[in-house]
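Colleague: Here's my sequence, what's the structure:
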Amino acid sequence: MVLNEYVRDIQDFPKPGIGFKDITPLLADPKAVKASIAQLMSTIKDKNIDKVVGIESRGYFLGTILAYELNAGFVPVRKPGKLPYSTIAASYDLEYGQDTLEIHTDAIKEGECVLIHDDVLATGGTASAVCELVEKLGGEIVQCNFLMELSFLNGRDKLSQYNIYAAINY
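Modeller: Down below sits the predicted model:
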């Protein structure tokens, strides 16, 4: 299955000049979701993963399924003020502004093996901030997984010390 056939381009979203990759057609097709999970699992199925960290909000869609498939816990990383317990935060730049993410302080224990998952690797700012949060809590990052990578934005450069996998590349 050619997964990029299930991703549509939306021009000038969320602001002029941005070409947004919309994954909702992929999510609406059960065969495309199964194929996506199979591809994302291909490089991690034999690794010992304790937690899957999903990045708000589109990283939750497939991240929870990956956690289920790996028999691992799922940890949501969210925007400020959305998590109800004690948190730590990291700020980052993204292709169209700046933002901050938070994680619960008890979400990851020292030495746990962590898979980070998001829908897209663009400039690498978001994933880099999440890696910082995971490592502050003592987690060991096994891999950063993405449904798709916008390679022309060079996001891998910010994540060069980690294993990276993307099912779709643009």
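
Colleague: any low-confidence regions in the chain?
Modeller: For the chain, the stretches flagged by pLDDT under 70 are 94-97.

Colleague: so where do the strands sit in it?
Modeller: 8-11, 19-22, 51-55, 73-77, 87-94, 97-104, 113-121, 140-149, 164-169 (DSSP state E).

Colleague: Regarding stretch 148-162, how distant is the last residue from the first?
Modeller: 16 Å (Cα to Cα, to the nearest Å).

Colleague: Report the buried residues of it.
Modeller: Neighbour-count burial for stretch 148-162 flags 148-150, 153, 155-156, 158-159 (criterion: 16 or more other Cβ atoms under 10 Å). Backbone N, C-alpha and C define where each C-beta goes, glycine included.

Colleague: One more: stretch 42-54?
Modeller: The neighbour-count check on stretch 42-54 (16+ other Cβ under 10 Å) flags 44, 49-54 as buried.

Colleague: Just give me the closest of these to V130.
Modeller: Distance to V130 across the buried residues of stretch 42-54 (Cβ to Cβ) is lowest for V53, with 6.2 Å.

Colleague: Please give me every residue in contact with that closest one.
Modeller: V53 is in contact with 63, 75-77, 103, 107-108, 114-117, 130, 134, 139, counting by Cβ atoms under 8 Å, 6 or more residues apart in numbering.
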